[in-house]
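K.L.:
Dropping the sequence and predicted coords here.
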Amino acid sequence: MLYIYLKSYNINLLNNFCNSSFFNFIKRRYGVSGPIFLPKKQKIYKLTRSPHVNNRSKEGFEMIVYKQIFIINLYTIFKKELPLYVRKVHYAFYEWVPQLLVKGQPNLLGFQRLLKRKTPAGISLKFSFK
């Protein structure tokens, strides 16, 4: 199993990336589970506005970390092999499909590099194999 963890402070950016055509193609083709929403982590910071006169007056700030996970079953990827005519069609529409396949078989290292390139700034990406 391949787990792809996505983490961001901006929920709109994370949702747009998870609903992009890249993940939709991967979900349709390989039966990916996700996006699975993980619990958000919220940190609240309180600072005193003025330490001398109004020391009871405080100002609050919060940081919320949103997380999502995709689970890819590697057995289904290795069992499937794209026929030549399907690969030619995808060459025309998706510029990244040739990097996912090496002699018809999935290339996981190429997939990781590609996903890192496609990930916009503001989203943290982590891979885990189990």
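P.N.:
In hand now; what should we look at? Since the structure is predicted, the reported quantities are computational estimates derived from the model, not experimental observations.
K.L.:
Which positions in stretch 48-66 come out as buried?
P.N.:
Y66 (16 or more other C-beta atoms under 10 Å). For every residue, glycine as well, the C-beta is placed using N, CA and C.
K.L.:
Need the contact partners of that stretch.
P.N.:
7-11, 14, 37, 40-47 (C-beta atoms under 8 Å, 6 or more residues apart in numbering).
K.L.:
low-confidence ranges in this structure?
P.N.:
Regions of the chain meeting the criterion pLDDT under 70 cover residues 30, 74-107.
K.L.:
the helices in it, which residues?
P.N.:
In the chain, the segments counted as helices under DSSP state H are 11-18, 21-30, 74-79, 84-93, 97-100, 108-118.
K.L.:
what about the closest residue to S124 other than its chain neighbours, neighbour count?
P.N.:
Ranked by C-beta to C-beta, 6 or more residues apart in numbering and with sequence neighbours excluded, the top spatial neighbour of S124 is K7, at 4.2 Å. By other C-beta atoms under 10 Å, the residues close to K7 number 16.
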